[in-house]
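1. This is a predicted model, with the sequence first.
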Amino acid sequence: MPAGARHSHRILIADDEEGVRAALTEMLKAEGFACTTVAEGREALRSLRTGRYDVVLADVRLPDMSGLDLLTLIREKYPFLPVIVITGFASIESTIGALRRGAVDYLPKPFSRDAVIAAVQQALAAGTARGAGGGGTPEIIYRSVGMAAVVDLVRRVSRTDSTVLVTGESGTGKELVARAIHRMSRRAGQPFVSVNSGALPEGLLESELFGHVRGAFTGAVSTSLGRFRVADGGSLFLDEVGNMSPAMQVKLLRVLQEQEFSPVGTSESIKVDVRLIAATNSNLEAAVKAGGFREDLFYRMNVIEISIPPLRERKDDIILLAEHFLSALAGKRHMEKWVLQPDAQAALMAYAWPGNVRELENAMERATVLCEGSSIDASALPGRVTGAGERPTLPDGTIGGAFDLPVLMDEIEKFYILIALRKTAGNRSAAAEFLGMKRTTLLARMQSLGLGREKPR
Ligand SMILES: Nc1ncnc2c1ncn2[C@@H]1O[C@H](COP(=O)(O)OP(=O)(O)OP(=O)(O)O)[C@@H](O)[C@H]1O
Ligand SMILES: [Mg+2]
């Protein structure tokens with residue numbers, strides 16, 4: 001399995017051009033994704049009714065309906081499912097239309113492998129975040145004084161056009177805050193465009209941001225608008241700015257100082273009205289001192305800093321968030337609510353949460369799969385949360401002590417076998433097929449993992 005593979009993730013591709021379907025399938029399969037392709041909108045809806053998908057890639061122009069209408073239908077029926085829209089040559093109207101209707105991203109044709117993989121991985125990472133709630137922006141849930149101060153600042157900066165730098169450890173909610181600023185601002189009806197500066201190679205990042213003209217470099221077979229132009233009138237979310245190269249830092253500084261830039265391959269200056277929201281989980285001030293980040297750019301970006309405290313410093317939020325994720329999951333699966341037992345609550349409160357809110361969200365999803373009935377006790381929580389795994393978390397967020405790989409592998413295997421059994425209503429032959437193993441192998445594995453008598457629900 002290639003690096004970064006997530007073979008449990010399924011992608012639905014809707015495009016009427018066979019060549020595009022084949023190219024996308026090949027790129028995504030090489031990364032371990034499972035792909036299903038359809039040529040029409042109605043076919044796409046049929047596939048969504050019968051199968052489970054994690055991301056949809058849909059062309060803006062389909063033979064039987066426009067991709068924008070398909071997008072609207074998907075957003076209504078499957079609000080959690082991220083949709084990436086494939087757009088034609090520099091078609092600004094359809095791109096903006098798609099972002100307004102809740103597409104998580106767009107992919108201009110022709111696309112590179114890197115751009116496709118980055119877009120899909122981003123969509124997966126932010127799947128629930130972007131999908132929940134009206135207009136694709138979920139609520140910020142909090143009770144702590146620390147987050148109350150953050151939300152107060154969000155409210156105040158959303159009334160301005162100032163550049164904002166959102167800082168915080170991984171998984172603290174930086175993107176959520178950026179989206180909230182946009183949603184509350186006068187730009188709410190305009191696009192919120194997101195770019196991950198860390199996910200793209202330098203050359204590609206420049207043309208992603210500023211666009212390029214046809215022939216600007218090998219492979220630039222058509223003009224590309226760039227995300228700054230697509231975000232015109234709206235907000236641009238520049239994630240992981242700490243990873244930007246010195247050359248890109250200079251170019252970004254120019255945009256911030258003069259509100260203008262030049263697409264790759266031209267000297268033409270383009271003016272845009274874009275509100276920049278940058279985010280980083282590294283210490284930019286330290287990077288400035290060490291010479292890795294331009295001081296002038298830092299001050300331009302850091303007009304207002306919103307610093308999100310790590311979850312362990314706002315323990316008041318832990319149970320509230322846990323219950324919020326449980327009720328969101330219940331809604332998603334049309335179930336009654338799950339109840340957190342006192343021992344589980346105590347474990348959640350005692351843990352240091354190096355992965356912050358995202359880690360808590362994942363732990364809750366896992367618990368709903370592993371628990372008995374609707375009651376979640378400490379045994380349904382990951383070993384590192386309850387301390388059972390003897391893998392203490394160090395203050396820097398890394399995991400100390402030795403890893404017991406065989407134990408971890410068993411834990412993972414058990415987790416997926418239980419998912420398969422639940423999906424197939426306990427039918428072991430179907431579960432074996434789902435897991436890609438023989439029925440006899442599955443039974444043997446269940447026996448040795450102590451799942452022999454497990455009554456799957
Ligand atoms: N206060 C909150 N209320 C509700 N959900 C939250 C809150 N904070 C974070 N989340 C959820 O936690 C997940 C992680 O949040 P987000 O992606 O915004 O974090 P991040 O800081 O951008 O992470 P990273 O540094 O890894 O990019 C998302 O699903 C988000 O919706
Ligand atoms: Mg983020």
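-> Yep, that arrived. Ligands and ions are numbered 1, 2, ... in the order given.
2. Give me the residue ranges of the stretch 51-200 of the chain where confidence is low.
-> Across the stretch 51-200 of the chain, the ranges flagged by pLDDT under 70 are 89-90, 126-138.
3. mind listing the helices in it by residue range?
-> Applying DSSP state H, counting those that start in this stretch to the stretch 51-200 of the chain gives helices spanning 67-77, 92-100, 113-125, 127-131, 145-158, 174-184.
4. Is Glu240 in contact with Ser194, as I believe?
-> No - the pair Glu240 / Ser194 is not scored as a contact, 10.9 Å apart, by CB atoms under 8 Å. Every C-beta, even on glycine, is put in place using the N, C-alpha and C of the backbone.
5. Between those two, which is the more surrounded one?
-> Ser194 (23 against 17; other CB atoms under 10 Å).
6. what ranges of the stretch 201-350 of the chain fall below the confidence cut-off?
-> Those would be 333-334, if you go by pLDDT under 70 across the stretch 201-350 of the chain.
7. Nearest to ligand 1: which residue in it?
-> Ligand 1 sits closest to Asn281 of the stretch 201-350 of the chain, with a gap of 4.6 Å, by CB to the nearest ligand atom.
8. and the closest residue to that residue other than its chain neighbours, how many residues sit next to it?
-> Distances taken as CB to CB, 6 or more residues apart in numbering put Ser170 closest to Asn281, at 5.0 Å, once the chain neighbours are dropped. Per other CB under 10 Å, the neighbour tally for Ser170 reads 14.
9. give me phi/psi at Ser170?
-> Reported as degrees, to the nearest 10, the phi and psi values for Ser170 are phi -60, psi 130.
10. Could you pull up the contacting residues of it?
-> Residues in contact with Ser170 (CB atoms under 8 Å, 6 or more residues apart in numbering) are Asn281, Gly355, Asn356, Arg358, Gly397.
11. And stretch 359-378, what's buried?
-> 359-361, 363-364, 366-368, 370-371, 376-378 (16 or more other CB atoms under 10 Å).
12. mind listing the strands for the stretch 151-300 of the chain?
-> Assigned strands in the stretch 151-300 of the chain, in chain order: 164-167, 192-196, 235-239, 260-261, 270-271, 275-280 (criterion: DSSP state E, counting those that start in this stretch).
13. Does anything pack onto the fifth one? Which helices or strands?
-> Same thing as strand 270-271. The helices and strands touching strand 270-271, judged by 3 or more CB pairs under 8 Å, 6 or more residues apart in numbering; DSSP states H and E, are strand 260-261.
14. Next one: the closest residue to ligand 1 within the stretch 51-200 of the chain from Asp239, what distance?
-> Residue of the stretch 51-200 of the chain nearest ligand 1, by CB to the nearest ligand atom: Gly173 (2.9 Å). For Gly173, the distance to Asp239 (CB to CB, to the nearest Å) stands at 13 Å.
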